[in-house]
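Q: below are the sequence and a predicted model for it; my questions follow.
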Amino acid sequence: NAGVTQTPKFQVLKTGQSMTLQCAQDMNHEYMSWYRQDPGMGLRLIHYSVGAGITDQGEVPNGYNVSRSTTEDFPLRLLSAAPSQTSVYFCASSYSMSAYEQYFGPGTRLTVT
Amino acid sequence: LAKTTQPISMDSYEGQEVNITCSHNNIATNDYITWYQQFPSQGPRFIIQGYKTKVTNEVASLFIPADRKSSTLSLPRVSLSDTAVYYCLVIGNTGGFKTIFGAGTRLFVKA
């Protein structure tokens, strides 16, 4: 199993550009989520999904969209990048809603200039 | 969602036992307590989970008193490679699948 994979590893955007961060898992997990981590801070939940076709907002959803058309993939879209979205983005998955163990991807480091 | 409070940072020396305490005063009946470890430039990694009393695995022990309003992660005989940020989380299905990571405790192990 590759676990949770994320692409790209690094990305630089200009203000106003859009892009999609990719996340995939091969563990047949129902639950997937996106977090952002700013320097010296903990992780903040952006969006999450409890299964294909079902998504919901986390703590900091503004400026981001998600969709979940398959169990494996959970892309995160930045609609119009802003410098405040400069951060490291982590995708995670787990097999159930109350599962205590989430599996995290390696992260995408995004810089918006 | 139960809010957690843990020390911002801790220092230790190699070979010592490290105890990191987390407060979660408004934990709900169905909530579990979970700890994660994060190294620089990596995603968090699950360490241990428990509901009450004591849980031990090959990496750590987790002590939870009867009132469950706090928990203590115990790392036996730490090494330099245990230098990381440790997060205490309360996870349950109250309010849906949402996991809140606080700022964590930055543990620095010295030689």
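A: Cool, the structure landed. Numbers count the residues shown, from 1 in each chain, chains lettered A, B, ... in the order given.

Q: C-alpha from now on. contacts and neighbour counts both.
A: Noted.

Q: list the contacts of residue A:30.
A: Going by Cα atoms under 8 Å, 6 or more residues apart in numbering or on different chains, residue A:30 touches A:49, A:50, A:51, A:52, A:71, A:93, A:94, A:95, A:96.

Q: list phi and psi for it.
A: Dihedral pair for residue A:30: phi -80, psi -30, per degrees, to the nearest 10.

Q: pLDDT wise, what is it at?
A: Listed pLDDT for residue A:30 reads 92.

Q: which residue packs closest to it, ignoring adjacent ones?
A: Leaving aside its sequence neighbours, residue A:30 sits nearest to residue A:51 (Cα to Cα, 6 or more residues apart in numbering or on different chains; 4.9 Å).

Q: burial count for that neighbour?
A: Residues lying near residue A:51 (other Cα atoms under 10 Å in any protein chain shown) number 19.

Q: shaky segments in the chain?
A: No chain in the question, so chain A it is. A:97-100 (pLDDT under 70).

Q: chain B is the one I meant
A: In chain B (pLDDT under 70), the answer is B:1-2, B:93-99.

Q: residue in it nearest to chain A?
A: Chain B approaches chain A most closely through residue B:103 (4.1 Å), counting by Cα to the nearest Cα.

Q: residues contacting that residue?
A: A:40, A:41, A:42, A:43, B:8, B:87.

Q: which one of the residues in chain A is closest to chain B?
A: Taking Cα to the nearest Cα, chain A has residue A:42 as its residue nearest chain B, at 4.1 Å.

Q: so that residue sits against residue B:102, correct?
A: Yes: Residue A:42 is in contact with residue B:102 according to Cα atoms under 8 Å; the separation is 5.1 Å.

Q: since we're on residue B:29, how many residues are nearby?
A: Close neighbours of residue B:29, defined as other Cα under 10 Å, add up to 10.

Q: typo on my end, residue B:20
A: 19.

Q: also residue B:14?
A: Other residues close to residue B:14 by other Cα under 10 Å number 16.

Q: ok, for it, nearest residue in space, not its chain neighbours?
A: Nearest non-adjacent residue to residue B:14 (Cα to Cα, 6+ apart): residue B:79, at 4.8 Å.

Q: quick one: residues contacting the one you found.
A: So residue B:79 contacts B:13, B:14, B:15, B:109 (Cα under 8 Å, 6+ apart).

Q: residue 71: what's it in contact with?
A: I'll assume chain A. Counted by Cα under 8 Å, 6+ apart, residue A:71 has contacts A:28, A:29, A:30, A:51, A:52.

Q: was after chain B, sorry
A: Applying Cα under 8 Å, 6+ apart to residue B:71 gives the contacts B:21, B:22, B:23, B:24, B:33, B:62, B:63, B:64, B:65.

Q: now for those, which pair is the farthest apart?
A: B:24 and B:62 (14.3 Å; Cα to Cα).

Q: which of those two has more neighbours?
A: residue B:62 (26 against 20).

Q: helix or strand right after the helix or strand where the more buried one lies?
A: Element membership for residue B:62 (DSSP states H and E) is strand B:61-64. Using DSSP H and E, the helix or strand that follows strand B:61-64 towards the C-terminus is strand B:70-75.
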